[in-house]
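S.K.: got a structure for you, letters missing:
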């Protein structure tokens, strides 16, 4: 009985991709089926890694097996992260079409992993355009960071109003909810970092203290997208549901970052923080309504 299918990368050691998304979702009580787009020994940020990238045909074959076994009868949502290339992305959208043939209102949460501020793009040429033209129109929820939002919306983001306008531009391409991560604009609080949620019914922002990691952990975006999807599945995509999901997500991220910093690790401290993350539904982080 799978309620969420997550199609992302996988590492044997550490917590990125499905390793950063599946366990937290399960810890919250969601039944998750993981389809891995790669299997590496560890995150590529270490410089050295081993393993393989799986082909689009491999992903389709795995999805075939899941459908044959379950008929997708209980799937409520699809979550996707790093895709790597357009062929993998097409396989993800093929899976979504098959899910929606069974349940028309299956939610699709797309984390458009493409690049970051200061680093630029780290995906193959053509994937950003494919993401903009194909994945966005199919998604219900999209979770770009500030760099990805600016590129997808085709505009610079220096102010709060810029960020809201860019999120609105993304919604005009199809998604009902836009979650912006790692947001720093002109009125950001000193030593804080923000997330912003935009829907047709309003925009909300939440700020949390910026932690100065010696080596920032990877996988935070994968964790954030998973937590936000869980909140939206429970609270809905209308009214104040996304704002409440934002508050829960911010609380969970802060808990995880605090535990990771205390551990002095470059890997997310998911195991140490799991009980506190599971309890982070009290919406302890206040949201600011922007419109």
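M.R.: Arrived safely, thanks for sending. From a predicted model like this one, the values you see are computed outputs, not experimental measurements.
S.K.: Grab the most central residue of the chain for me.
M.R.: Centroid-nearest residue in the chain: residue 225, 2.6 Å away (criterion: C-alpha atoms, centre = their mean).
S.K.: mind checking the SS state of it?
M.R.: helix (DSSP: H, G, I helix; E, B strand; the rest coil).
S.K.: hang on, it packs against residue 77?
M.R.: No - taking C-beta atoms under 8 Å as the definition, residue 225 is not a contact partner of residue 77, at 11.3 Å. Bear in mind the C-beta positions are built from the backbone N, C-alpha and C, glycine included.
S.K.: Could you tell me which residues touch both of the two?
M.R.: residue 109 (C-beta atoms under 8 Å, 6 or more residues apart in numbering).
S.K.: Could you give the secondary structure assignment for residue 180?
M.R.: Per three-state DSSP, residue 180 ends up strand.
S.K.: quick one: contacts for it?
M.R.: 143, 144, 145, 146, 149, 163, 166, 167, 195, 196, 197, 198.
S.K.: Likewise for residue 26?
M.R.: With C-beta under 8 Å, 6+ apart, residue 26 has these contacts: residue 32.
S.K.: Strands along the stretch 101-250 of the chain, start to end?
M.R.: Secondary structure of the stretch 101-250 of the chain (DSSP state E, counting those that start in this stretch): strands located at 107-110, 115-116, 120-121, 141-142, 177-183, 192-199, 202-209.
S.K.: got those as JSON lines, with distance to residue 14 and mean pLDDT columns?
M.R.: Shown next, in JSON lines, are the strands of the stretch 101-250 of the chain (distance: least, C-beta to C-beta, whole Å; pLDDT from 0 to 100):
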{"stretch": "strand 107-110", "distance to residue 14": "22", "mean pLDDT": "98"}
{"stretch": "strand 115-116", "distance to residue 14": "18", "mean pLDDT": "86"}
{"stretch": "strand 120-121", "distance to residue 14": "23", "mean pLDDT": "82"}
{"stretch": "strand 141-142", "distance to residue 14": "25", "mean pLDDT": "98"}
{"stretch": "strand 177-183", "distance to residue 14": "20", "mean pLDDT": "96"}
{"stretch": "strand 192-199", "distance to residue 14": "22", "mean pLDDT": "95"}
{"stretch": "strand 202-209", "distance to residue 14": "23", "mean pLDDT": "94"}
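S.K.: May I have the beta-bridge partners of the residue lying closest to residue 189 once chain neighbours are set aside?
M.R.: Spatial nearest neighbour of residue 189, excluding adjacent residues (C-beta to C-beta, 6 or more residues apart in numbering): residue 207 at 5.2 Å. Following DSSP bridges, residue 207 is listed with bridge partners residue 194.
S.K.: is it true that residue 207 touches residue 190?
M.R.: No - taking contacts as C-beta under 8 Å, residue 207 lies outside contact range of residue 190: 10.3 Å.
S.K.: Who has more neighbours out of these two?
M.R.: Using other C-beta atoms under 10 Å as the criterion, residue 207 and residue 190 rank with residue 207 on top: 20 against 5.
S.K.: Please determine how far that one is located from residue 41.
M.R.: 36 Å (C-beta to C-beta, to the nearest Å).
S.K.: What does the pLDDT read for the residue nearest to the centre of the chain?
M.R.: pLDDT, residue 225: 98.
S.K.: Could you tell me which helix of the protein is the longest one?
M.R.: For the chain, the helix that runs over the most residues, judged by DSSP state H, is helix 241-263.
S.K.: Can you tell me which helices and strands that one packs against?
M.R.: strand 177-183, strand 192-199, strand 202-209, helix 220-235, helix 270-278 (3 or more C-beta pairs under 8 Å, 6 or more residues apart in numbering; DSSP states H and E).
S.K.: what would those look like in TSV with distance to residue 24?
M.R.: As requested, the helices and strands packed on helix 241-263 are exported to TSV (distance: least, C-beta to C-beta, whole Å):
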stretch	distance to residue 24
strand 177-183	16
strand 192-199	17
strand 202-209	17
helix 220-235	6
helix 270-278	6
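S.K.: so which of these gets nearest residue 25?
M.R.: Among those, helix 220-235 comes nearest to residue 25, with 5.3 Å by C-beta to C-beta.
S.K.: Please state the offset of the closest one from the chain centre?
M.R.: 7 Å (C-alpha atoms, centre = their mean, to the nearest Å).
S.K.: Between helix 270-278 and it, find me the angle.
M.R.: Here helix 220-235 points in a direction 30 degrees away from that of helix 270-278 (axes from the mean of the first three to the mean of the last three C-alpha atoms, to 10 degrees).
S.K.: Alright, I will stop here.
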